[in-house]
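>>> Kindly generate the corresponding structure for this input.
(2 chains)
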Amino acid sequence: MPEIESNSEKKVIKQQALIQLIVFRLGREEYGIRIEQVKEVTITPEIARMPKTPPFVKGIANLRGDIIAIIDLEERFQLRSTAEALPAITYTLAIEAKDYTIGLVVREVPQPLSIPVSIIEKAPEFIQDANIQDKYIEGIAKLDGRIIIVLDMLKLLTPTEIMQLQPKA
Amino acid sequence: MKSREQEYREIFMSEALEYYDAMSRHISELEKNPEDTAALNELFRLMHNLKSNARAMGYNQIGEVSHEMETIFGLIRDKEKSFAGTVVPVLFTGVDTLGAMIRAVGEDAEMPPTEDLLANLDRLVQGEEPILIIAESDTDEEAGRKLELSDLVYIQIKKLDHLLNLVGELIIDRDRIMTLGREIGHPALQAAASHLFRITDELQYSVMDARLVNVGSLFNKFPRVVRDVAASEQKEVTLRLEGQDIQIDRNILQIITDALLHLVRNAIAHGIETPQERQKANKSPAGRLTLSAQTERDDVLIRVADDGRGIDVESVRRKAIERGLVRAEVAANLDANAVRAFLFEPGFSMAKEVTEISGRGVGLDVVKLAIDSLGGQLRVESELGQGTIFTLVLPTSIAVKGALLFELEERSYAIPLMHTDSVVALEPEELHVVGGTLMARIQEENVPIVNLKTLLHSGDGPLPAAIHEDLVGRQRIIIVDYNNRKLGLIVDRFLRQQDIVIKPVSKPLDTIDLFGGVTLLGSGHVCLVLDVPALTRLFLAKRP
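Next up, the predicted model:
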């Protein structure tokens, strides 16, 4: 309700669209996903390990009757040493990709956050260039000394991108 | 339970009433705008359909009237007549009479008289003026007019799919409640749970029943296919259909449509000989092709049988060796069934020469894959010179399958019973290492055995050679059977046999073909369902 907001805030916000992010920690950095790409956040249900999948695919879990794959982005991006096991309770972000749902496992409770679109800076060219295939970093938001890496899940979650595996017979 | 006859009649009624409604609508449109060709074409089509349906059901009076009407609409369409003048009231009377006759069928009542109408229609066809009797009971008829709603509803298969999924969920929860009731030992809860059990069982049965369609709905498309294929191949073929009233899940029928088409085309193109060849072989010039369906326990068997030249086992055997599918010395000892199983190997069927020599094998692996995806089986019997029979063994319903549950590394897995041959526990002395693979003699047959753990965790390379010393204590082995190949899987523990509801593995993990799906157990645990065909292929690819 804009009426309640103070005048000074209003000025800033008025011409700037806000986006809502779900922010979570991976390794040492904070990452954000646009809220419309997140279906729900839940305590990670029991995961059944699936043989013949790469290690960052934690397995499959039953999320309200939907069987979804659960992946660990920390392991996928090598953001933590593999020796470090996941804590007993983790959280899962159910992400709505184009034609399926997938779970991202995170260690801490993800938080919602509204930021103006304008503070999202494009990722430096060299990061983009380094991974021509995967331009899933939409940008980097700076906010009160915090740095939030905004991911474009739809690009990250193309089946080929996630799987990159095919350990088929 | 309704009789077939009654069911057919209900279907006829619902369609006929629908046609009647559409006719009334279109003829009114045509009256407003006689140039409306869309309405005219539609009327022509509706008359034609009603005629065919009525004749098939033996309602000849309806057939006759709709035939005459069709003729007149045809004349109007061809601009030989126009929808004007005295033609109009006659045609309106015709549509009304058809409606009355359809209603009479529904009520098992006497058919209304049609002589005057038919005479008038006939006069129109001859180009004469009809004799119009001014119906003095016009107002009466208006008052007596009934609006009919059909007793049948059309429903999108998507909605039924959703319903079936929900029932699947319900069954999983029911099992969970049953388990809880037993664990807690609360009598009232147990009583309620067993009541829930009965109701969900019945609900599941009803939903599955609602999805059943006659095999005939697919079979009846084949006379035309056979005619066309036979004509282009310059063969003579008589087609016989049997068991059209056997019922099967609509989606299963959908999935096997292409497979069946393939088998029928193959049978005509490669199985059945030309009339000249047949006469030389002392056969009737027209080949016989039979499509039949029958039920066997919970399965539906669909057969495609021809009396053509059959499959030449020896040429298949030679090809299998050439393709490197089997070593020559092994191939020499394989029986005919085992050799024919090679026909379903991917790649094998691509061999064009096989088509020419033995007459079979184009894309049979595709057929096989379709059947596999349903958890069904594909069998082939053939006698050289006498013909070939392909048998599709299909589940009646997709939703529920019998499965064997077992444990491996403290996780539950399931294997569909369709592919399980037997379950044995063997002492290490009964297992032998032959060429790096474990072997056991089971029911007079040498069966390769592999530790499922090793198979599932194997990397890209071949499996490590089996070492006999690794076997400690009794080995629990599930013998699976796929395409006439037996394979023993060592597991940690047998659990039980259970009906399971299989959910497909969602993307992106659906590329892992080792698992045919997942199921949720009563305990709420997710249980992977192994796909025996993929597992067998993996073993063959990776064996040391």
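>>> where does chain B dip in pLDDT?
Within chain B, the segments meeting pLDDT under 70 span B:1-4, B:133-146, B:148, B:150, B:346-362, B:399-400, B:522-524.
>>> my bad, chain A
A:1-15, A:65, A:81-83, A:124-135, A:157-169.
>>> the helices in it, which residues?
A:7-14, A:73-76, A:125-130, A:153-156, A:159-163 (DSSP state H).
>>> Equivalent analysis for the stretch 1-150 of chain B, please.
B:4-32, B:37-57, B:60-77, B:87-107, B:115-126, B:138-144 (DSSP state H, counting those that start in this stretch).
>>> other SSEs contacting the fifth one?
Pointing back at helix B:115-126 there. helix B:60-77, helix B:87-107 (3 or more Cβ pairs under 8 Å, 6 or more residues apart in numbering or on different chains; DSSP states H and E). All C-beta spots, glycine's among them, are computed from the backbone N, C-alpha and C.
>>> relative orientation of it and helix B:87-107 in degrees?
140 degrees (axes from the mean of the first three to the mean of the last three Cα atoms, to 10 degrees).
>>> Close to chain A: what parts of chain B are there?
B:169, B:411, B:456-457, B:459-460, B:503, B:505-509, B:511-515, B:518, B:520, B:524-528, B:534, B:537-538, B:541-542 (Cβ under 8 Å from any Cβ of the partner chain).
>>> Among the residues you listed, name the ones in helices.
Reading helices off the residues of chain B next to chain A with DSSP H, I get B:169, B:456-457, B:534, B:537-538, B:541-542.
>>> Format these as a markdown table; extra columns: distance to B:P34.
Formatted as a markdown table, these follow (distance: Cβ to Cβ, whole Å):
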| residue | distance to B:P34 |
| --- | --- |
| B:E169 | 56 |
| B:L456 | 73 |
| B:H457 | 77 |
| B:A534 | 63 |
| B:R537 | 66 |
| B:L538 | 69 |
| B:A541 | 70 |
| B:K542 | 74 |
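>>> now those as CSV including distance to A:F24 and neighbour count?
What follows is those, written out as CSV (distance: Cβ to Cβ, whole Å; neighbours: other Cβ atoms under 10 Å in any protein chain shown):
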residue, distance to A:F24, neighbour count
B:E169, 30, 15
B:L456, 32, 19
B:H457, 31, 11
B:A534, 36, 19
B:R537, 40, 20
B:L538, 37, 21
B:A541, 40, 12
B:K542, 39, 18
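>>> so which of these comes closest to B:L163?
B:E169 (10.8 Å; Cβ to Cβ).
>>> Could you check how far the closest one is from B:L374?
21 Å (Cβ to Cβ, to the nearest Å).
>>> cool, B:T86 as well?
For B:T86 relative to B:L374 (Cβ to Cβ), the value is 59 Å.
>>> Likewise for B:L164?
Taken as Cβ to Cβ, the span from B:L164 to B:L374 is 15 Å.
>>> just B:L334 next, same as before
Taking Cβ to Cβ, one finds B:L334 at 27 Å from B:L374.
>>> Settle it for me: which of the two has more neighbours?
B:L374 (20 against 17; other Cβ atoms under 10 Å in any protein chain shown).
>>> show me what contacts the more buried one?
B:252, B:255-256, B:394-395, B:398 (Cβ atoms under 8 Å, 6 or more residues apart in numbering or on different chains).
>>> ok, of those residues, which one's closest to B:E70?
B:I256 (35.3 Å).
>>> pretty sure that closest one belongs to a strand, no?
No - using DSSP: H, G, I helix; E, B strand; the rest coil, the assignment for B:I256 is helix, not a strand.
>>> nearest spatial neighbour of B:F44, skipping sequence neighbours?
Among residues not flanking B:F44 along the chain, B:F73 sits closest, at 4.4 Å (Cβ to Cβ, 6 or more residues apart in numbering or on different chains).
>>> Make sure that neighbour is actually in contact with B:L43.
Yes - applying Cβ atoms under 8 Å, one finds B:F73 in contact with B:L43, separated by 5.1 Å.
>>> Quick check, A:I43 in contact with A:A94.
No - A:I43 is beyond contact range of A:A94, at 11.8 Å (criterion: Cβ under 8 Å).
>>> Who has more neighbours out of those two?
More neighbours surround A:A94 than the other of A:I43 and A:A94, with 19 against 9 (other Cβ under 10 Å).
>>> need the contact list for that one.
Counted by Cβ under 8 Å, 6+ apart, A:A94 has contacts A:38-42, A:63, A:68, A:101-103.
>>> how far away is it from A:Q37?
10 Å.
>>> any residues in contact with both of the two?
Contacts common to A:A94 and A:Q37, judged by Cβ under 8 Å, 6+ apart, are absent.
>>> hang on, the earlier thing: and of the ones in helices among the residues of chain B next to chain A, the nearest to A:F77?
B:H457 (24.6 Å).
>>> which one is the closest one nearest to, not counting chain neighbours?
Of all residues not flanking B:H457 in the chain, A:P51 sits nearest, at 6.2 Å (Cβ to Cβ, 6+ apart).
>>> how close does the one you found get to B:L452?
Where B:L452 is concerned, A:P51 sits at a distance of 9 Å (Cβ to Cβ).
>>> go on, B:R297?
28 Å.
>>> Between the two, which has more neighbouring residues?
Using other Cβ under 10 Å, the more surrounded residue of B:R297 and B:L452 is B:L452, with 23 against 6.
>>> shouldn't the more buried one be in contact with B:L489?
Yes - B:L452 is within contact range of B:L489, at 4.4 Å (criterion: Cβ under 8 Å).
>>> on that earlier part again, next, format the helices of the stretch 1-150 of chain B as JSON lines and append mean neighbour count.
Putting the helices of the stretch 1-150 of chain B into JSON lines (neighbours: other Cβ atoms under 10 Å in any protein chain shown) gives the following:
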{"stretch": "helix B:4-32", "mean neighbour count": "17"}
{"stretch": "helix B:37-57", "mean neighbour count": "18"}
{"stretch": "helix B:60-77", "mean neighbour count": "20"}
{"stretch": "helix B:87-107", "mean neighbour count": "19"}
{"stretch": "helix B:115-126", "mean neighbour count": "16"}
{"stretch": "helix B:138-144", "mean neighbour count": "9"}
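>>> Count the neighbours of B:V472 for me.
Around B:V472 there are 7 residues (other Cβ under 10 Å).
>>> How about B:R240?
10.
>>> do B:E322 as well
12.
>>> residues contacting it?
Counting by Cβ under 8 Å, 6+ apart, B:E322 has no contacts.
>>> any idea how far it is from B:A341?
For B:E322 relative to B:A341 (Cβ to Cβ), the value is 17 Å.
>>> Ok, B:G376 next?
B:G376 is 15 Å from B:A341, by Cβ to Cβ.
>>> how close does B:H525 sit to B:T179?
Distance from B:H525 to B:T179, by Cβ to Cβ: 11 Å.
>>> intersection of neighbour lists for those two?
If you check B:H525 and B:T179 against Cβ under 8 Å, 6+ apart, no residue is contacted by both.
>>> and the residue nearest to the spatial centre of chain A, bridged to which residues?
Most central in chain A under Cα atoms, centre = their mean is A:I33, positioned 4.9 Å from the mean C-alpha point. Taking DSSP bridges as the rule, A:I33 bridges to A:I22, A:L151.
>>> does it really touch A:K155, like I thought?
No - the criterion here is Cβ under 8 Å, and A:I33 misses it with A:K155 at 11.6 Å.
>>> ok, A:Q37 - contacts?
By Cβ under 8 Å, 6+ apart, the neighbours of A:Q37 are A:95-96, A:153-154.
>>> the strands in chain A, which residues?
Listed in chain order, the strands of chain A (DSSP state E) span A:18-26, A:29-34, A:38-43, A:47-48, A:57-63, A:66-71, A:91-96, A:101-106, A:111-116, A:120-121, A:137-143, A:146-151.
>>> What residues sit buried inside the last one?
Read that as strand A:146-151. A:148-151 (16 or more other Cβ atoms under 10 Å in any protein chain shown).
>>> Which one of the residues in the stretch 101-250 of chain B is closest to chain A?
Nearest residue of the stretch 101-250 of chain B to chain A: B:E169, at 5.0 Å (Cβ to the nearest Cβ).
>>> With that, I have no additional questions.
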